[in-house]
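S.K.: requesting a structural model of the entry that follows:
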Amino acid sequence: MDFEKIKKFVKEKNLPSYRIGQIRKAVYESAIENWDEATTLPASLRALLKKEINILSFKTEVIQSSKRDAVFKALLKLADGNFIETVLMKPAKTWSVCVSSQAGCPLGCAFCATGKMGFKRNLTSEEISDQVLFWHQFISKKKLGERVSNVVFMGMGEPLLNYVEVVKAIKTISDPDFIGIGQRHISISTAGIADKFFKLAHDLPQINLALSLHNADDNERSRLIPVGKKFNLETIKENLEEYIKLTGREVFIEYTVIDGLNNLPAHIRKLGKWINSFKDHYLLHVNLIACNPAVGKATATGDAAVKKFADALRGTNINVSIRKSMGSDISAACGQLAGKIYSNRRKK
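M.R.: Okay, here's the model as predicted:
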């Protein structure tokens, strides 16, 4: 919800200003799904709000739940008919939301289903932040326990190619008067749009930055991630070092292990050499994840191959974690979001 619309609505209707606080509490604290549930408001005002203001900027098409993991995926229909997907997951003790920043994606990475959709358009800040509000409502309705604690921009699209709206959305998500998730609990994952790193360090110095690397050889990486031709590893390094200097924050290196394609001994040596070439290399932390079957010839990578990669990389004095892949049975894992309409629909 764009709460500025509420403020304008209250002013135009000559309503008392305290109604703004009541509406804010109903939407963000009580997690109402429709205005009829806002029982602290008079019936006449609820009817007026119902007629003029939408709580969410999209409609729910399908919600799926994983049979293996604490994961839910929602297919959402935007006002213009485009579709996006967003994921709610519980990798540990708290709920995290994976949000999309674009409908489709222009990057066309070789192992990502979203890129095969092509690029439709950028999302507005309201459409982005509403994904978090949507899952906040879902958790409340289903009585799933605590609120959303973390937000990751790892859904559909490249966040830094929709920079202005993503920054606005994060400021809404982190505003204590609204959803109120601290910026240190918000992560942006980028394929390496390096010319935005400096601005990001100034605009959102507390967020977590994750670089989708996947290969430390420029030629091989650009075949996996075509934008690597524009932002090569040296360019990324120069801008990332400046980002680290400005923020002092740890940066996460995301590396999808594709067995036989980017996990050979030569790949490990090049990755170790690239990371250790940073002045503050101790602030780079590698997150390994097994490749999920999505598109192309890549098949699922076994746990043993990922562990072997991790052990070899630790031998080069690099901090490494293995991330658990979640939700692959409903195509909700990394690289699998494609905005499809599913035949087995499970309505909210």
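S.K.: for the residue nearest to the spatial centre of the chain, give the beta-bridge partners.
M.R.: For the chain, F153 is the residue whose C-alpha lies nearest the centre (Cα atoms, centre = their mean; 2.0 Å). Beta-bridge partners for F153, by DSSP bridges, are I188.
S.K.: what distance do you get for it to K116?
M.R.: Going from F153 to K116 by Cβ to Cβ, to the nearest Å gives 20 Å. All C-beta atoms are positioned from the backbone trio N, CA, C, and that covers glycine.
S.K.: all strands for the chain, in order.
M.R.: Assigned by DSSP state E, the chain shows strands spanning 58-65, 71-78, 83-89, 95-98, 102-104, 119-122, 148-153, 186-190, 208-212, 251-257, 284-290, 319-322.
S.K.: out of those, which is closest to E165?
M.R.: For the strands of the chain, proximity to E165 was assessed by Cβ to Cβ; strand 119-122 is nearest, at 6.1 Å.
S.K.: the closest one: how far from the chain's middle?
M.R.: A distance of 16 Å separates the centroid of the chain from that of strand 119-122, by Cα atoms, centre = their mean, to the nearest Å.
S.K.: show me what it is packed up against.
M.R.: Contact here means 3 or more Cβ pairs under 8 Å, 6 or more residues apart in numbering; DSSP states H and E; on that basis strand 119-122 packs against strand 102-104.
S.K.: ok, A191 - contacts?
M.R.: A191 makes contact with L107, C109, E158, S212, I225, V227, G228 under the criterion Cβ atoms under 8 Å, 6 or more residues apart in numbering.
S.K.: and it, what's its pLDDT?
M.R.: A191 is assigned 97 on the pLDDT scale.
S.K.: repeat for N82
M.R.: With respect to pLDDT, N82 scores 95.
S.K.: can you count the residues close to G248?
M.R.: Number of residues near G248 (other Cβ atoms under 10 Å) recorded here: 11.
S.K.: gap between it and A201?
M.R.: With distances taken as Cβ to Cβ, G248 is found 10 Å from A201.
S.K.: same check on I55?
M.R.: Distance, I55 to A201, using Cβ to Cβ: 34 Å.
S.K.: again, but for L123
M.R.: The gap separating L123 from A201 is 23 Å, by Cβ to Cβ.
S.K.: what about the closest residue to A70 other than its chain neighbours, distance to F119?
M.R.: Using Cβ to Cβ, 6 or more residues apart in numbering and skipping the chain neighbours, the partner closest in space to A70 is K90 (3.7 Å). Computed as Cβ to Cβ, the K90 to F119 distance reads 31 Å.
S.K.: also I330?
M.R.: I330 is 24 Å from F119, where distance means Cβ to Cβ.
S.K.: tell me the gap between the longest helix anywhere in the chain and the middle of its chain.
M.R.: In the chain, with assignment by DSSP state H, the single longest helix is helix 125-142. Relative to the chain's own centre, helix 125-142 is displaced by 13 Å; criterion: Cα atoms, centre = their mean.
S.K.: please enumerate the helices of the protein.
M.R.: Under the criterion DSSP H, the chain contains helices at 3-12, 18-24, 43-52, 113-116, 125-142, 163-174, 197-203, 218-224, 233-247, 265-276, 303-314.
S.K.: show me the chain divided up by domain.
M.R.: The chain breaks down into these domains under automatic domain parsing: 1-55, 57-330.
S.K.: distance between the ends of the last one?
M.R.: What that stands for is domain 57-330. The straight-line separation of the ends of domain 57-330 (Cα to Cα, to the nearest Å) is 24 Å.
S.K.: mean confidence score for stretch 41-54?
M.R.: Regarding stretch 41-54, the rounded mean pLDDT is 96.
S.K.: kindly apply the preceding question to stretch 90-107 instead.
M.R.: Averaging pLDDT along stretch 90-107 yields 94.
S.K.: now do it: distance to the chain's middle.
M.R.: Centre-to-centre, stretch 90-107 and its host chain are 3 Å apart (Cα atoms, centre = their mean).
S.K.: list the buried residues of it.
M.R.: Buried positions in stretch 90-107, judged by neighbour count with 16 or more other Cβ atoms under 10 Å: 90, 95-105, 107.
S.K.: distance to D259 for those - can I get that in JSON lines?
M.R.: JSON lines is the format used below for the buried residues of stretch 90-107 (distance: Cβ to Cβ, whole Å):
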{"residue": "K90", "distance to D259": "28"}
{"residue": "W95", "distance to D259": "31"}
{"residue": "S96", "distance to D259": "27"}
{"residue": "V97", "distance to D259": "30"}
{"residue": "C98", "distance to D259": "24"}
{"residue": "V99", "distance to D259": "29"}
{"residue": "S100", "distance to D259": "28"}
{"residue": "S101", "distance to D259": "29"}
{"residue": "Q102", "distance to D259": "29"}
{"residue": "A103", "distance to D259": "31"}
{"residue": "G104", "distance to D259": "28"}
{"residue": "C105", "distance to D259": "24"}
{"residue": "L107", "distance to D259": "23"}
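S.K.: since that was my last question, I'll sign off now.
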